[in-house]
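# Give the three-dimensional model of this entry:
(2 chains)
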Amino acid sequence: MAQTAAELSYTPYHRETSAFSGIFSWIFSTDHKRIGILYMISVLTMFIGGLCLGLLIRLELIAPGATVIDAPTYNAVFTLHGVIMIFLFIIPGIPAIFGNFIMPLQIGAEDVAFPRLNLLSWWLYISGAALLIIALFTGDKLPDTGWTFYAPYSTATEGNISLAVFAAFVLGFSSILTGLNFITTIHRLRAPGMTWFRMPLFCWGLYATAWIQVLATPVVGITLLLVILERGFGVGVFDPAIGGDPVLYQHLFWIYSHPAVYIMILPGMGVISDLLPAFTKRTIFGYKAIAFSTVSIAVVGYMVWGHHMFTSGMSGTAQIVFSFLTFLVAIPTGIKIFNWIASLYKGSIELRAPMLYTLSFIFLFSIGGLTGLVLGALATDMHVHDTYFVVGHFHYVMFGGLGIALFGAMHYWFPKMFGKMYNEAVAVVAWALIFVGFNVLYFPMFILGWNGMPRRYYDYLPEFQYWHVVSTIGSWILALGIFMMLFNLIRGITSGEKAEDNPWGASTLEWTVPSPPPLLNFLEPPHVTHGAYDFEAMNKGKKDSKKKKKGKK
Amino acid sequence: MFLAASSYASKVDFAFYFIIYTSVILLGLIVGFMLFCVIKYSKKNNPVPTQIEGHVGLETAWTIGPTIIVMMMFYYGYQGWIDMKTIPDDAMEVKVIGKKWSWSYEYKFTDNGVEKVKRSGTLVVPVDRNVKLRIESLDVLHSFYIPAFRMKQDAVPGTPYYMWFRATEVDQKYDVFCAEYCGDSHAYMRSYVEVVSADAFEEWVRKEPPPEEMGEKLFHEIAACSTCHSIDGSKLIGPSLKGIWERRGKVVTDGKERSIVADEEYIINSIRYPQKDYAKGYEGVIMTAFDETVLSDEDIAKIIEYLKTLK
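So this is what the prediction gives:
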């Protein structure tokens, strides 16, 4: 492949000199790519922590009665597993890592709109994580409320709640600032010719997410402060003993936390919409339908929080309305799935590792979404609410959705981020273990839940043991697959083969720059003339530029 | 699947199986189409892709089709639920009290014109009779859950909420769980529903056990002191009450240690105001306070009679 003089002499972003050296050139860097890598390291570290806690939960549940830990420890472990996975892994997850690294490249920008604010977001993330860790080692008792911090338990328990809640509060600001940054970046910094409907769908996903981050997160921030006020100063907001209302807490909490579910999943859906064209070599089916369904999920998603509270004592009318709206959200989600599978039709499909993750995303997320219908329907939710059915459902949606999309994204953008390639065969074996382990781990939870096994139970009746054992075995297979995948990726960074600029033959803008990209991304300012997934225009463009080069010679 | 034993359980199950079977069909179609494409249009079989940007007809079809399907799901969900929410006027009321970590039940009845209250640690109900539950909590959130009846309602401190059911199978015993996380022994906050014949129920509700036997029932079931206090010397969440009567011991009051004798006054105080004196070694362990609406003075006297027997 012919390389221009500029390309041969460029300095990749990670070798660029700055005012700082060593680790400081990273933790004080305002380059969106370095910040993306910082997030990748910190978010995955937290993920491994949460994963180990998850394994411990499953191990404890392999048999009824006390197995490896006592009940208060178990309660602290599932609380931490939830808090870490939600606030430190899933919510920042894709936007913080790939939104930072890839989105400016995809829209043809040199960086995000507010690079210093971006660095502050990462520092807030690290501060929040540090506060949470401090909360573990101070106070009389570990936080033991579950990640939902339901009042009045959370305002009365002797567990070290205030600090843990404050950690979540700080993390909220990290999320708000990232959202603000992305909205501004997408509005203001698109390259010439990059119209809204030429943007990759990943950017649409991030854009819709960013609005939720900015508009919904402050609500949970205020709520968490009220919990601290009640604990510290006895202000009666949620505890009825001092004049509060516990159901109010649930409303405030879910007004944020349900939209937050879409903060978690929309970027994952964006990733999938980008990966499909790359491995089918054809344009996505129904670009606008996917883009609009993304926005409508974000809008309608604001108005469905009450479906977490059907058994809380909320009024009957509210229950009917929330159930109805919940079913409405299912429609744009369905539209996405149908458009994705239609995008396979008459493509030229290559089953590389990222594509395997993409297809398993569609499968697992469909199961997650369809079981969500059971929870959205009033009669059935009364039975399965707060049982393992819910646990199975949200793991399929969150982990099977966002987690698997994140793994796919890690494999897909790996060559761009590091300029190296991982071992494809090992990646496929790891994927197979993850896919099998995932289903063995989480599917039995639907059966347990339908049979009445409540969640957050340290101990259970003997009749539930069979499926608990199956589930625990699944956790081992899944963990093995994940560690194999991470090992393979790390080995790729240290000793992988050099990657090309566009190893997948993908059509979006980030693949036109060198791997890894230079500090300000583009050697020549990009000028966009076609849609994100327009392979014909891309190939024509290539031929034209080759002709030009030949002509020059 | 497992048993359904209330009047509305079959409607819940119908909604469930309607959603599940529809979902299985949809998932089958999705996966089937995916596999078909992956094989038929693999790079080997189809090296040149066809660029298809979309199809208005298809987009419309898979917007309208799923809309109809989910509206049906919503409707069946509503159908089962409206039965649960419509409490029949003739229902017999039972009070359900949740606290850390037990359920107890209160029945009001008239015996020869005298209003009486029957208390129990098991929810005994007559078959084929509408039972209305008034669900309360004394401390934090709990959730009253009977899987066999497909019924669940949170117990919220400060506000009673109502639920009802009609048990359809006689001489059965079902599990009751707490479904809302409530602390250390959440998983042990269990109880039973016993469905008996109408006659057996009338007999049961009028039967009054002797004081020390009632004390034992209060200790183990109704107030469920036994969740946290063993009677065999082993340490649970609170101190064991083996040989408690007139035992000398140390307690911590306002951060200061003092000696006490576990006499009547001390035991009454420990039940009414548990946070006043902490048994040494258990400082800061929060016990639910039992006021007179939960345990009357006579109840405590019965419990003390029972404690005297724990040598």
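# Check the burial of the nearest residue to residue B:125 once chain neighbours are set aside by counting its neighbours.
Leaving out its chain neighbours, the residue that sits closest to residue B:125 by Cβ to Cβ, 6 or more residues apart in numbering or on different chains is residue B:131, at 5.1 Å. For the C-beta atoms, the positions are set from N, CA and C on the backbone; glycine is no exception. Counted with other Cβ atoms under 10 Å in any protein chain shown, the neighbours of residue B:131 add up to 22.
# Show the contacting residues for residue B:131.
Residue B:131 makes contact with B:91-94, B:125, B:164-167, according to Cβ atoms under 8 Å, 6 or more residues apart in numbering or on different chains.
# same question, residue B:236
By Cβ under 8 Å, 6+ apart, the contact list for residue B:236 reads B:227-230.
# in chain A, which helix or strand is least confident?
helix A:5-9 (a mean of 58; mean pLDDT, DSSP states H and E).
# ok, back up a step: which strand or helix spans the residue nearest to residue B:125?
strand B:130-137 (DSSP states H and E).
# got the residue ranges for the strands in chain A?
A:420-421, A:497-498 (DSSP state E).
# Output the below-cut-off pLDDT ranges for the stretch 101-250 of chain B.
Low-confidence regions of the stretch 101-250 of chain B, defined here as pLDDT under 70, do not occur.
# residue ranges for the strands of it, please.
Ranges of strands in the stretch 101-250 of chain B, per DSSP state E, counting those that start in this stretch, are B:102-111, B:114-120, B:123-126, B:130-137, B:142-146, B:151-155, B:161-166, B:172-178, B:191-196, B:248-253.
# How far does whichever strand or helix holds residue B:25 sit from its chain's centre?
In this structure, residue B:25 sits in helix B:9-40 according to DSSP H and E. On the basis of Cα atoms, centre = their mean, to the nearest Å, helix B:9-40 sits 32 Å off its chain's mean C-alpha point.
# other SSEs contacting that helix?
Judged by 3 or more Cβ pairs under 8 Å, 6 or more residues apart in numbering or on different chains; DSSP states H and E, helix B:9-40 is in contact with helix A:316-342, helix A:353-376, helix A:378-384, helix B:56-85.
# ok, whatever residue of the stretch 151-300 of chain B ends up closest to chain A to residue A:66 distance?
Closest contact between the stretch 151-300 of chain B and chain A, by Cβ to the nearest Cβ, is at residue B:158 (2.8 Å). Between residue B:158 and residue A:66 the distance is 34 Å, computed by Cβ to Cβ, to the nearest Å.
# quick one, which of these two is more surrounded?
Here residue B:158 and residue A:66 are set side by side on neighbour count (other Cβ under 10 Å), and the busier one is residue B:158, at 15 against 12.
# residue contacts, the more buried one?
Residues near residue B:158 by Cβ under 8 Å, 6+ apart: A:240-241, A:245-246.
# For ChimeraX, what selects the buried ones among these?
Selection of buried members from the contacts of residue B:158 for ChimeraX, criterion 16 or more other Cβ atoms under 10 Å in any protein chain shown:
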select /A:240,245,246
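# which of the contacts of residue B:158 sit farthest apart?
Spanning the widest gap among these are A:241 and A:245, at 11.5 Å by Cβ to Cβ.
# List the buried residues of stretch B:285-305.
Under 16+ other Cβ under 10 Å, the buried positions of stretch B:285-305 are B:285, B:287-290, B:294-295, B:299-305.
# actually stretch B:189-208, not the one I typed
Buried positions in stretch B:189-208, judged by neighbour count with 16+ other Cβ under 10 Å: B:189-191, B:193-196, B:200-201, B:204-205.
# Quickly check those for the two that are furthest apart.
B:189 and B:200 (26.9 Å).
# who's in contact with the nearest residue to residue A:195 once chain neighbours are set aside?
Take residue A:195 and drop its neighbours on the chain: the residue closest to it by Cβ to Cβ, 6+ apart is residue A:528, 7.9 Å away. Contact analysis of residue A:528 by Cβ under 8 Å, 6+ apart lists A:108, A:191-195, A:198, A:509.
# Over to residue A:528: give its phi and psi.
Per-residue torsions, residue A:528: phi -90, psi 130 (degrees, to the nearest 10).
# quick one, what contacts the residue in the stretch 201-350 of chain A positioned nearest to chain B?
Residue of the stretch 201-350 of chain A nearest chain B, by Cβ to the nearest Cβ: residue A:240 (2.8 Å). Taking Cβ under 8 Å, 6+ apart, we find residue A:240 in contact with A:152, A:246, B:156-159.
# Which members of those residues are positioned in helices?
Secondary structure from DSSP state H places residue A:246 of the contacts of residue A:240 in helices.
# In the contacts of residue A:240, find the pair that's most separated.
Using Cβ to Cβ, the contacts of residue A:240 span at most 12.2 Å, a distance reached by A:152 and B:159.
# burial measure for the nearest residue to residue A:429 once chain neighbours are set aside, as a count.
Spatial nearest neighbour of residue A:429, chain neighbours left out: residue A:484 (6.8 Å); criterion: Cβ to Cβ, 6+ apart. Residue A:484 has 18 neighbouring residues, counting by other Cβ under 10 Å.
# burial measure for the residue nearest to residue A:465 when sequence neighbours are not counted, as a count.
Leaving aside its sequence neighbours, residue A:465 sits nearest to residue A:64 (Cβ to Cβ, 6+ apart; 6.1 Å). Using other Cβ under 10 Å, residue A:64 has 17 other residues around it.
# Would you quantify the distance from residue A:64 to residue A:513?
Distance, residue A:64 to residue A:513, by Cβ to Cβ: 57 Å.
# Tell me, how many residues neighbour the residue nearest to residue A:27 when sequence neighbours are not counted?
Once flanking residues are discounted, residue A:27 sits nearest to residue A:38: 6.7 Å by Cβ to Cβ, 6+ apart. Neighbourhood size, residue A:38 [other Cβ under 10 Å]: 21.
# Could you do the one 4 residues further on as well?
Around residue A:42 there are 19 other residues, counting by other Cβ under 10 Å.
# Likewise for residue A:462?
Residues near residue A:462, counting by other Cβ under 10 Å, number 9.
# pretty sure it is touching residue A:63, no?
No: using Cβ atoms under 8 Å as the test, residue A:462 is too far from residue A:63 to be in contact (9.3 Å).
# which neighbours do the two share?
By Cβ under 8 Å, 6+ apart, residue A:462 and residue A:63 have no common neighbours.
# one step back: mean neighbour count for the helices and strands packed on helix B:9-40 - can I get that in CSV?
Below are those laid out as CSV (neighbours: other Cβ atoms under 10 Å in any protein chain shown):
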stretch, mean neighbour count
helix A:316-342, 21
helix A:353-376, 24
helix A:378-384, 27
helix B:56-85, 17
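# about what we covered before: neighbour-wise, which of the contacts of residue B:236 leads?
residue B:228 (22 neighbours).
# My understanding was that it contacts residue B:185; is that so?
Yes: look at residue B:228 against residue B:185 with Cβ under 8 Å: they come within range, at 7.3 Å.
# Quickly list what's touching both of the two.
Common contacts of residue B:228 and residue B:185 (Cβ under 8 Å, 6+ apart): B:101, B:237.
# picking up where we left off before, please report the distance of the residue nearest to residue A:195 from chain B.
18 Å (Cβ to the nearest Cβ, to the nearest Å).
# ok, residue A:492 - how many residues close by?
Residue A:492 has 22 nearby residues by other Cβ under 10 Å.
# can you tell me which residues contact it?
Applying Cβ under 8 Å, 6+ apart to residue A:492 gives the contacts A:414, A:418, A:420-423.
# For the stretch 201-311 of chain B, what lies in contact range of chain A?
Counting by Cβ under 8 Å from any Cβ of the partner chain, the stretch 201-311 of chain B comes close to chain A at B:284, B:286.
# who's in contact with the closest residue to residue B:176 other than its chain neighbours?
Closest residue to residue B:176 apart from its sequence neighbours, by Cβ to Cβ, 6+ apart: residue B:191 at 4.1 Å. For residue B:191, the contact set (Cβ under 8 Å, 6+ apart) comprises B:102-103, B:121-123, B:176.
# got any ranges where the stretch 1-150 of chain A has weak pLDDT?
Looking at the stretch 1-150 of chain A by pLDDT under 70, you get A:1-8.
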